[in-house]
Structure formats: C-alpha cells, structure tokens
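Novice: coordinates for the following, if possible.
(one chain, ligands or ions: 2)
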Amino acid sequence: PRAVRLADYRAPDFLIDTVHLDVNLAGPETLVVSRLRLRPNPAGRAGVPLVLDGDALRLSGTPLLDGAELDAASYAATPTAFTLHEPPADAFELTLTTKLDPAANTQLMGLYRSGSAYCTQCEAEGFRRITYFLDRPDVLSVYTVRIEADRAEAPVLLANGNPVESGDLDGNRHFAVWHDPFPKPCYLFALVGGDLAVIKDDFRTASGRHVDLAIYVEHGKEERAAYAMDALKRSMRWDEQAFGREYDLDVFNIVAVSDFNMGAMENKGLNVFNDKYVLASSETATDADYAGIESVIAHEYFHNWTGNRITCRDWFQLCLKEGLTVFRDQEFTQDMRSRPVERISDVRGLRSVQFPEDAGPFAHPVRPDTYREINNFYTATVYEKGAEVIRMLKTLIGVDAFRRGMDLYFARHDGEAATIEQFIACFAEASGHDLKQFLLWYSQAGTPEVIVTEHWDASSGTYALDIRQHIPATPGQTDKKPMVIPLAFGLLGSDGNDVDLGSDGRVKREGLIVLTSGEHRFEFRGLKERPVPSLNRNFSSPIQLKIDLSDNDLLFAARHDGDQFNCWQAMQSAMTRLLVTSAKEIREGGKPLGEPRIAEAIASVLNANDRDDAFAAQFSILPTETDLTREIGTNVDPDAIYAARRGLKEAISAQIQPSLLACYSGLADQGSYTPDAKSAGRRSLRGVALDLLVVGGGDEAIALAERQYADATNMTDRMSALASLSQVDHPVRERAFSDFAERFANEPLVLDKWFALQAAIPERGTLDRVRGLMNHPAFSMGNPNRIRSLVGGFASGNPTQFNRPDGAGYEFLADVVLELDPKNPQVAARLLGAFRSWKTLENGRRALAEQALRRINAVSPLSADVSDLVTRALA
Ligand code: B3K
Ligand code: ZN
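Specialist: Numbering: from 1, shown residues only. Ligands and ions are numbered 1, 2, ... in the order given. You can find the predicted model right below:
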C-alpha cells in the first residue's frame, strides 16, 4: 500500500448528509441497501467524479440515482471502489446494494459473526467492507438504520442512536428501525443482531434526562455483567462531575462478543465489547480483570464526548480522541481507587510498552505524519504517551485553565471533526500560554532523556542542578528540537521533609521546573545541607531521567519522599542499577548480586504499622525484564537479565523470609470477595509475598502456594498461587495446571489465563508446550483472545524463551504470523510487536531475529498490516 501523508490532507469533494441503511441479515445472502443524500462540498474540488471506498465488496443489482437506474456506462464498481463518473452538480440521492457473507468474514472488520450474533466493527476502515462510502472521519452523516432478521435467530436487533420502530414480518422475520440524531463518521456505525441475554438498568443525568442502560451478553452470563453495569453508571456520573459532560441519547447499549480484534469500540450509543472487558465473577475474574473492565467501560463511555461528539478530522489526529480519552479514563480510575498506586501502575505500563516502542524501529510521533496501514497506529504511543501529553498540558497551565480549555474545546468544536492544533488552541486561549513549542510533543518521536548533574557548595549553601535534555533519533527524525518539559520536584532535607526551595527565579510555581531549552542551570541558595533531589514527581513528564544518585540517597528517598510515586521510583532505580550490574557480571561468568539494603527496605515497608497494602505490593515488585532490557539498551542477553532478576528475588526471599511469612499470613483470605481497591490491594500484596516465598524455593513455600491454590475462594487468589507455582519446575505445578484445566474446561476466558501462564514459563520446554497447547480443544486460531493469550503470551510475556539462543522462538512466531495473516491480518500484525526491540539484542539473537523477519518479508502476498510492520522492523 502507498503511504498516506498528513501534509496531503484535502477536504472531501462530497459530503453525505444522511444515510439510510436497510440491512437484511440472512446468512451468506445478507443484503445492505444504502441510500445516501450527497452534495458537493463547497470546500472541495468541483466537477470531479464521485469515488466511494470499498473493500472486498460485491454490488448487487443496479444502483439508483435519484430513484432511477443508472446506465452501465455512467458508473464503475470494483471490490475497492464505486465511481460515479459525472455526478450531479447539486444534491442527489444514490442507492447502492451490496451482498455480504458475514460468516466468511474472518478479519472481524465490517459485518461478521461472533458466536450466534451478527456484529460490526468499523474503526478504522471497516465500514467500506459493508457498503461503498466516503470512509473518512471528516464526513459526518445522520443515520437511520433498518435491520431485518429471522426472529428466532436474532431476536435482538440493535443499532446506533434511539429505537424508533419495530415489528413482525411474514416468514418468521422481524425488523427494528434505529435513528441516531447526532451526525457521525461511518467508523462509529454499528449494528448487532442475535440471540442474546440482557441486563438492564437506568440512569438520570444531571439535567434530568432518563437513559435506559442495557448490557447484552451470551445467555447464562447475565450475572457476570453486573460489575460492568456498575462501572458504567459510575463513569456517567463522573463525567458530569469532572468534565461537565452529560449523556445525550435515550439509550446506552453495550454488547459483549467473544470474537473481537481489540478491547472494545465506542460506537455511538452502541458500544461493542470484547467479552473479556464485560464479564466478571469472583470465581472467574481476577482483581486485575475487574480493574480492566472498569477502565475500558469508562474509556468507551468517555469517548461519547471525546471521539464521538467531537471526532478526528483524519486518522493522523487519532490521539485527539485516544490520548485524551485514556487521560480521562486514568483520571477516573485514580478517583475510584488510589491516586499514587494507579499512577505507578500506569507508568509501569507506559515504560513496559511505550518506552520500548519509542526506542525502536516502530517509533512514531504521538501524531504520526505518515502511515501505510492505519490499524498499525493504535499504539501505546498514540494512546498512553498521548495521555501523558494531556497530563503535562494540565500540569503546565494549571487545573483551572485546563478545565476552561476543555470547556472551550467542547463548546467550540461540538459536532465537528477537529485537529490537534484546534484542540491546543483552546488551551492557549484559556490559559494565555504560548503552546507552540508544546506542540513538539505531538510531532517529535522518541523518549526525551533528561540528564541531571548536581553541584553542592557547602561554603555558600548553594545547591545547583544542571539539566540537559536530549531526544534520541528515531526513524525518519534525526534532528530534534528541545521540548517543553514540566518537572515537578522537591528537595529532601535530612529529616525527610521538603526543604524550603530558596529562590531561583525560573522555578515557575512551587515545586515545578519547566525546561524549554537544551540546557538549564537552577540554583537554590541558603541551604544548610546538601538535599536529596526528588525530580519528575508523580512522573510529571514521560521522560527518561538520568541522575546519578548514590544507593544511600535512593534508599533514603524510597523511605521519605513526600511524593509516593517517587518513593516507588527511588526503589525501582536502586533495584534497576543493581540488576543491570548483576546481569553484566553474570555474562562475565559471575554470580547474581544481592543487596541487603534492598531487602531491608522491602521488609520495612511490609512491617510498617500504617502499611498501604497496594502500595507495598508495588514497592516490592522488581523492575521487569523489559525495563532492564531498555535500561541496558544494546547487546542485550535476556538470559542474563532473567538470572539477575531471579537471583535478586531469591536473595530477598532468603533475607526477609520471616517478614514475608508474617505478611502473608496476616493477609489471609477474608472470605467473601469484593473487587474494591482496598481488598484488591490486600490480595495483591499477599500474592507478591507468596511469589517471593516460592522463588525462595523451600518445600514449605510450595506447599503454601499449593494450599492457597486449592482453598482459593476467588480467582485472584487462585491465579496468584498458580502464577507463583508456574515459575518453579516442580510436580505440584503440573498438578495445579491440570486441575485448573478441568475446573474451567467450559470457560474460555478463564482458560486464557491458563494459556498465558504456561506460555510464560521461563524454561526450555515451553516452546514445545505452547505448540502442544495450540492443539488443545479450547484453543482456536479464529479467536483473537486465544491467540493473544497463548502466542502473544509467549512472544511478549516470555523474554528468555521467545529469545531462545537457537532462534526457535522467532521462527515459531513467524510461522504463526504467516498462518494467521490471510485470515486476520490485524491480529497477525499485533503479534509482531514482540520484535519491537530486536535490534538491541546481542549479535547471535539479533541475526536470528532478522532472519525470521526476512522470511516473513519474502512471502507474497502479505497483508498491508503485516507488510508495513515487517518493512519498518527491517528498515
Ligand atoms: N477506538 C477503538 C479502537 C479501534 C481500533 C481499530 N483498529 C477502541 C478504543 O480505543 O476505545
Ligand atoms: Zn479509545
């Protein structure tokens, strides 16, 4: 496919004011009649042919222009386009019929079947697989949709907007008509037809509108949708309170389906969800699953304003809706749960996926300026870094100006397809700040490095920070300009409190330094002692902070920093430094390093009287293998990293076993399960303690895990026991795995956890185990969740085995990608994310990874999705 460029954007030549769809759901004979009211766009070119997008479409019958059949010479229809050579100069009506076979649609884009239901997925370019259309987000239309189906096969018929009419027809068929008064781009279109169960509720908006809420699920799963419904109502209330945004239709429907390419989709008034993000019961879902449901329900709901009421002008502006909506869902979660703990977990996520992406061949700006396949840009950079950019904006201009800017954006652009410039202009106006330089966050890729050196002059009591920023080169971008970087900070005195900052005129507000050029010096005078700096508090900017603090400083900050995020960060930094050194020594034939003070720091948090369980858990978890890979940066040996990490865990376990045991038994299962943050925190700390104990290796610890597994009254405890056991090569492990498989044989979503855990076992036999599991009756190459759990779990969740020194892990992934590509290119392409850091590997593995990538690249045809990623990986 050819590259599309932001610089080439042109307004559409035609607009579509209204769309009438008549969809007759009838298996392989499904017909879609589309009646479009079109007119030339005054902002477009005059006198050009009308070209509608299509993808694998079949026209059925003769198209009508203003009700009259078109003659064959006046139009052309191919699977990828419908062209009307000489369209009328004024408004006209075009009627086109296409014939579809939803069951044959394995890409899960457009109209397809999942289980017993017909459903749709249109973002980004799936609507063109349903009917010919101007499939671009700046064409907004009012839709009326009539669906007809067999009454027994599809008693439930849903589309966007409000229900208008329904009734019975001859031959056991029935119909429903839906009307969506809000003009929308076609990527937000959805319809569902099937035999589904439903749970209902309702909501009264702040201004008194009554909204009927419904969640549709597979029969028998109704009870498992209760938490999603609760999360929905909390989201609706929160958006009113935090952003002044009310819901705007009479109904809000959610449908859970089991075959879905991603998490969920925000179609106006009819969100379609991967059932993984709807269904939960204490026996089948972990605390993490509940948290995932809460945040995805909120995310899709929040899109109603950020995405739907105001959409994107073009796909380059994707972060306009995604970064902003992730920011909103993160704020929601922080309000529902613990702010610092959620911040830590969001940053963990950012560092483990977005930072490596930004440092490798797939790096791209938050707003890309070119793409060959837009599906490949639904990335951690657009979503998570996009959210960090909004958070920085809020930090820079302050809470009140931020809210005024949001209000202005909603007022000014409601009903429009907007750009990042228009969005940022609202904040510039509302705050009086010049945000030109800030826009670089949208156009420059790469994680900025902020390098800090300290100077302490005891004689004058002057403490200075020299701060330099450097943005690494990324594909297509070698020269970078300095960015605006807000650094929240404090200086810790020896009593552990923040010292009075003294004065440096350029410190903007109390505790905030704003970097704008390549180098800065900040001086603080009148200090009695050298302080310990606490920089980038609460992770105020998505940067790599490089400052060489001693272990003493770090461990001091870990105990005393008034910013909880930075307590956690200081501990992570101390552990990271040790692990990097340890990995290096292991490669040179040495033994893994331990560090008594790290174990002590963990013990003191575990033993604290006022312990916050969720925070203590985060505090005690070591940096991930991905974190260490990124930190080491070049010539990476995943086995050494694993050995260093495992070695440190063993050392900690051995040193503080009594504290771990005391903590573990003090947190015994309290019986009845509730998914709230506090109880989840308890369970997560219990899991962390157990994990450390089991790594210590004693039979007693293994017995403890075995008992926890068997006695568990909820999935969180059962899974944490199984996860701990999965890391040790012991007969108990296999017993537990087979028990789990039997217990949950009829629960595909639960078996996904079982697939993923086995795929992550850091042992030589795992690749064969994964191959074997692909033949398990519960596995299917047709279901994205199964593939992501087993194959994705191996490729992205098992650094030592995916990166086997013999290259077998890479070859396996290449085989799966090539097998899947013709059926579901989007999911195939996603799997290739596992290669995002291949260039940082040591030479042997690097050559083998390259060989696997080249083998994929040599195959023809490849989908646009896979070929785009492989090309970029190899560039
Ligand atoms: N907007 C959808 C993602 C669509 C992905 C298309 N490949 C879900 C979301 O971000 O809310
Ligand atoms: Zn989204």
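Novice: OK, contacts around the residue of the stretch 651-800 of the chain found nearest ligand 2?
Specialist: Nearest to ligand 2 in the stretch 651-800 of the chain, going by CB to the ion, is residue 784, at a distance of 17.1 Å. Just so you know, the C-beta spots here come from the backbone N, C-alpha and C atoms, and that holds for glycine as well. For residue 784, the contact set (CB atoms under 8 Å, 6 or more residues apart in numbering) comprises 108, 259-261, 274, 824, 827.
Novice: and for residue 118?
Specialist: 25, 30, 102, 111-112, 149, 154, 191-194.
Novice: which one of these has the most neighbours?
Specialist: Highest neighbour count within the contacts of residue 118: residue 193, with 28 neighbours (other CB atoms under 10 Å).
Novice: before we move on, back to that, tabulate the contacts of residue 784 (CSV), appending neighbour count and distance to ligand 2.
Specialist: Below are those laid out as CSV (neighbours: other CB atoms under 10 Å; distance: CB to the ion, whole Å):
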residue, neighbour count, distance to ligand 2
108, 24, 17
259, 22, 20
260, 23, 14
261, 20, 13
274, 23, 13
824, 24, 21
827, 24, 18
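Novice: what parts of this protein come near ligand 2?
Specialist: Contacts of the chain with ligand 2, taken as CB under 5 Å from the ion, map to 322, 325.
Novice: how about the nearest residue to residue 778, chain neighbours excluded?
Specialist: With CB to CB, 6 or more residues apart in numbering as the criterion, residue 778 has its nearest non-adjacent residue at 4.8 Å, and that residue is residue 751.
Novice: helix or strand right after the strand or helix carrying that neighbour?
Specialist: In the assignment (DSSP states H and E), residue 751 maps to helix 748-759. Using DSSP H and E, the helix or strand that follows helix 748-759 in sequence is helix 766-773.
Novice: check the offset of that following helix from the chain's centre.
Specialist: 27 Å (CA atoms, centre = their mean, to the nearest Å).
Novice: what is that helix packed up against?
Specialist: Contacting helix 766-773 under the criterion 3 or more CB pairs under 8 Å, 6 or more residues apart in numbering; DSSP states H and E are the following elements: helix 748-759, helix 793-797, helix 808-820.
Novice: run the last query once more with 7 Å
Specialist: helix 748-759, helix 808-820 (3 or more CB pairs under 7 Å, 6 or more residues apart in numbering; DSSP states H and E).
Novice: just say which of those is most tucked in.
Specialist: Highest mean neighbour count of the helices and strands packed on helix 766-773: helix 748-759, a mean of 23 (counted as mean count of other CB atoms under 10 Å).
Novice: any idea how far that one is from the middle of the chain?
Specialist: Using CA atoms, centre = their mean, the offset of helix 748-759 from its chain centre is 20 Å.
Novice: could you check the angle helix 766-773 makes with that helix?
Specialist: For helix 748-759 against helix 766-773, the angle by axes from the mean of the first three to the mean of the last three CA atoms, to 10 degrees is 150 degrees.
Novice: against which helices or strands is helix 748-759 packed?
Specialist: helix 715-726, helix 731-743, helix 766-773, helix 784-787, helix 793-797.
Novice: can you list contacts of it?
Specialist: Helix 748-759 is contacted from outside by 258, 275-276, 279, 284, 719, 722-723, 726, 737, 740-741, 744, 766, 769-770, 773, 778, 785-786, 789-790, 793-794, 797-798, using CB atoms under 7 Å, 6 or more residues apart in numbering.
Novice: could you do stretch 51-67 as well?
Specialist: 31, 69-70, 75, 77, 79-83, 92-99, 125, 128-129, 132-135.
Novice: is it positioned near ligand 1?
Specialist: No: using CB under 6 Å from any ligand atom, stretch 51-67 stays clear of ligand 1, with a minimum separation of 13.8 Å.
Novice: thinking again about what came up before, of all the helices and strands packed on helix 766-773, which lies closest to residue 477?
Specialist: Evaluated over the helices and strands packed on helix 766-773, closeness to residue 477 peaks at helix 808-820, with 27.7 Å, by CB to CB.
Novice: between helix 766-773 and that closest one, find me the angle.
Specialist: Using the same axes, to 10 degrees, helix 808-820 lies at 30 degrees relative to helix 766-773.
Novice: could you dump helix 808-820 to PDB, C-alpha only?
Specialist: The C-alpha trace of helix 808-820 is given here as PDB (Å, rounded to 0.1, in the frame of the first residue of the first chain):
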ATOM      1  CA  ALA A 808      13.300 -21.300  17.500                       C
ATOM      2  CA  GLY A 809      11.100 -18.700  19.300                       C
ATOM      3  CA  TYR A 810      11.400 -16.300  16.400                       C
ATOM      4  CA  GLU A 811      10.700 -19.000  13.800                       C
ATOM      5  CA  PHE A 812       7.700 -20.100  15.700                       C
ATOM      6  CA  LEU A 813       6.300 -16.600  15.800                       C
ATOM      7  CA  ALA A 814       7.000 -16.200  12.100                       C
ATOM      8  CA  ASP A 815       5.100 -19.400  11.400                       C
ATOM      9  CA  VAL A 816       2.100 -18.300  13.300                       C
ATOM     10  CA  VAL A 817       2.100 -14.800  11.800                       C
ATOM     11  CA  LEU A 818       2.200 -16.300   8.300                       C
ATOM     12  CA  GLU A 819      -0.600 -18.700   9.000                       C
ATOM     13  CA  LEU A 820      -2.800 -16.100  10.500                       C
END
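Novice: residues in the stretch 51-200 of the chain within reach of ligand 1, list them.
Specialist: 123-124.
Novice: helices of the stretch 51-200 of the chain, start to end?
Specialist: With DSSP state H, counting those that start in this stretch, there are no helices along the stretch 51-200 of the chain.
Novice: list the buried residues of the helix or strand hosting residue 601.
Specialist: Residue 601 is part of helix 596-607 when elements are defined by DSSP H and E. For helix 596-607, burial by neighbour count (16 or more other CB atoms under 10 Å) applies to 598-599, 601-603, 605-606.
Novice: among those, which two are most distant?
Specialist: 598 and 606 (12.8 Å).
Novice: so where's the stretch 451-600 of the chain shaky on pLDDT?
Specialist: Residue ranges of the stretch 451-600 of the chain with pLDDT under 70: 502-509.
Novice: what pLDDT does the model give the nearest residue to residue 242 once chain neighbours are set aside?
Specialist: Nearest residue to residue 242 in three dimensions, chain neighbours excluded: residue 331, at 6.7 Å (CB to CB, 6+ apart). We have a pLDDT of 98 for residue 331.
Novice: put the alpha carbons of the helix or strand containing residue 331 into CSV.
Specialist: Here residue 331 sits within helix 318-336, counting by DSSP H and E. Taking Å, rounded to 0.1, in the frame of the first residue of the first chain, the C-alpha atoms of helix 318-336 are listed here in CSV:
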residue,chain,number,x,y,z
LEU,A,318,-6.1,9.7,16.3
CYS,A,319,-4.5,10.8,19.6
LEU,A,320,-7.0,13.7,19.7
LYS,A,321,-9.6,11.2,20.8
GLU,A,322,-7.4,8.3,22.1
GLY,A,323,-4.8,10.2,24.1
LEU,A,324,-7.4,12.4,25.6
THR,A,325,-9.8,9.6,26.4
VAL,A,326,-7.0,7.5,28.0
PHE,A,327,-6.2,10.5,30.1
ARG,A,328,-9.8,10.8,31.1
ASP,A,329,-10.1,7.1,32.0
GLN,A,330,-6.9,7.2,34.0
GLU,A,331,-8.2,10.2,36.0
PHE,A,332,-11.4,8.3,36.6
THR,A,333,-9.6,5.2,37.9
GLN,A,334,-7.4,7.4,40.1
ASP,A,335,-10.6,8.9,41.6
MET,A,336,-12.2,5.5,42.1
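Novice: can you list the buried residues in it?
Specialist: 318-333, 336.
Novice: same deal with stretch 514-528?
Specialist: Within stretch 514-528, judged by 16+ other CB under 10 Å, the buried ones are 514-515, 520, 522-524, 527.
Novice: near ligand 1, which of these show up?
Specialist: With CB under 6 Å from any ligand atom as the criterion, these include none near ligand 1.
Novice: any chance of those in TSV, plus distance to residue 231 and secondary structure?
Specialist: Formatted as TSV, these follow (distance: CB to CB, whole Å; DSSP: H, G, I helix; E, B strand; the rest coil):
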residue	distance to residue 231	secondary structure
514	36	strand
515	38	strand
520	44	strand
522	43	strand
523	49	strand
524	45	strand
527	48	coil
